[in-house]
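Participant: Fold the following.
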Amino acid sequence: MKIPRVITPERQQRSDPTGRWVGIAGGVVLVASAFLPWAYSFAALDGMTLVGYPSPLQYCGMVLGLLVAGLIVCSRLIKPRGKIRVGWVRGAKAAATGALVYIAIIILSIAVELGGLINVVYGGWLALLGAALAFAGTRLMIMDQPPTLSQAQIRPTLEILLIAVVMGAALFATAFALNIDDGGAFVSFAAFLGAFVAVLFRVGAMGFLSGVSQRHRKVLILAAFVVAFLFPFTQGGSDANMSIATHSGLAVASGVVVGMVWWRLRRVCAR
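Facilitator: Here you go, the predicted model:
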């Protein structure tokens, strides 16, 4: 038995303007909810009980809300230049889906750690409403053309700086995740990272980064070794974290070496 599609291209043609406004509204609601309490007790996750003082995980929800609203706005204001296209709508859809999954994990974690959904307060439910609106709105939007950012180039100095920023961000995110003691908070942050990376893929940023990496391979290799060297110093010196850091550093170094050998063999076989 074939299941009928709820959101058809014809319906998207009719509802695209409405979907954009609903998606933007959902993103704004999600951002606003970060300044409200999500949990009844400070013991849940990373202490999301204060008004006006978002916790780190609430900031993550805020980022996803900003991505949804911002990407939808950019899809209307920024037009493609030549052959270079950005997947604005694709990224907004990924951000909205990731936000809904992320907030659902947050609410489930609060319920598990505090003993029931009654411990999720109004800010958490408002965040879920915002994520649901963002998801529903982006489903109603017409999908844009595949991104072509892999063909884009900027100044070499800016590309090298971008590599440094990306590697630094990866180091910070990994260090932050491994220093999280609460299981629910760790899973929630991992879900946020997954959603953020999915957005990068959908807008085409990962294709651009791939091109930058190929043009500055030596810089990338050096940055990878620097990150592997600095990583143990971010883990507070505990035996468990230092063991993880050591194995991670070896894995990074091995991956770089394997990548270098593979690239060299590919060049030789292509001759």
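
Participant: CA only for contacts and neighbour counts going forward, please
Facilitator: Will do.

Participant: quick one: low-confidence ranges for the protein?
Facilitator: Using pLDDT under 70 as the threshold, the predicted model of the chain has low-confidence ranges 1-13, 216, 218-271.

Participant: got the contact list for the helix or strand where Gly137 lies?
Facilitator: Gly137 is part of helix 122-139, with elements assigned from DSSP states H and E. Helix 122-139 has contacts (Cα atoms under 8 Å, 6 or more residues apart in numbering) with 7, 18-31, 33-39, 65, 68, 89, 92-93, 96-97, 99-100, 103-104, 107.

Participant: again, 7 Å this time
Facilitator: 19-20, 22-24, 26-27, 29-30, 33, 36-39, 92-93, 96-97, 99-100, 103, 107 (Cα atoms under 7 Å, 6 or more residues apart in numbering).

Participant: That one: which residues count as buried?
Facilitator: Neighbour-count burial for helix 122-139, with 16 or more other Cα atoms under 10 Å as criterion, is recorded at 123-139.

Participant: same question, stretch 98-110
Facilitator: So stretch 98-110, judged by 16+ other Cα under 10 Å, has buried residues 98-107, 109-110.

Participant: Same check on stretch 62-80?
Facilitator: Neighbour count says stretch 62-80 has 62-73, 75 buried, by 16+ other Cα under 10 Å.

Participant: Stretch 172-179 too?
Facilitator: 174-175, 177.

Participant: need the contact list for the residue nearest to Gly47 when sequence neighbours are not counted.
Facilitator: Distances taken as Cα to Cα, 6 or more residues apart in numbering place Ser55 nearest to Gly47, at 6.4 Å, with adjacent residues excluded. Remark: with contacts taken as Cα under 7 Å, 6+ apart, Ser55 is in contact with 46-48.

Participant: Number of residues surrounding the nearest residue to Pro17 once chain neighbours are set aside?
Facilitator: Nearest in space to Pro17, with sequence neighbours left out and distances taken as Cα to Cα, 6+ apart, is Met141 at 7.5 Å. Other residues near Met141 come to 27 when the count uses other Cα atoms under 10 Å.

Participant: Tell me how far Met141 lies from Arg76.
Facilitator: Distance of Met141 to Arg76, given as Cα to Cα, to the nearest Å: 12 Å.

Participant: list the buried ones in the strand or helix carrying Leu30?
Facilitator: Here Leu30 is covered by helix 9-33, with elements defined by DSSP H and E. Neighbour counts over helix 9-33 (16+ other Cα under 10 Å) mark 12, 15-16, 19-33 as buried.

Participant: about what we covered before: in helices, which of the buried residues of stretch 172-179 fall?
Facilitator: 174-175, 177 (DSSP state H).

Participant: Which of these sits closest to Arg215?
Facilitator: Distances from Arg215 to those, taken as Cα to Cα, are shortest for Thr174 (25.6 Å).

Participant: picking up where we left off before, including secondary structure and distance to Gly194, could the buried residues of stretch 62-80 go into a markdown table?
Facilitator: Formatted as a markdown table, the buried residues of stretch 62-80 follow (DSSP: H, G, I helix; E, B strand; the rest coil; distance: Cα to Cα, whole Å):
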| residue | secondary structure | distance to Gly194 |
| --- | --- | --- |
| Met62 | helix | 15 |
| Val63 | helix | 13 |
| Leu64 | helix | 11 |
| Gly65 | helix | 15 |
| Leu66 | helix | 16 |
| Leu67 | helix | 14 |
| Val68 | helix | 15 |
| Ala69 | helix | 19 |
| Gly70 | helix | 19 |
| Leu71 | helix | 18 |
| Ile72 | helix | 20 |
| Val73 | helix | 23 |
| Ser75 | helix | 23 |
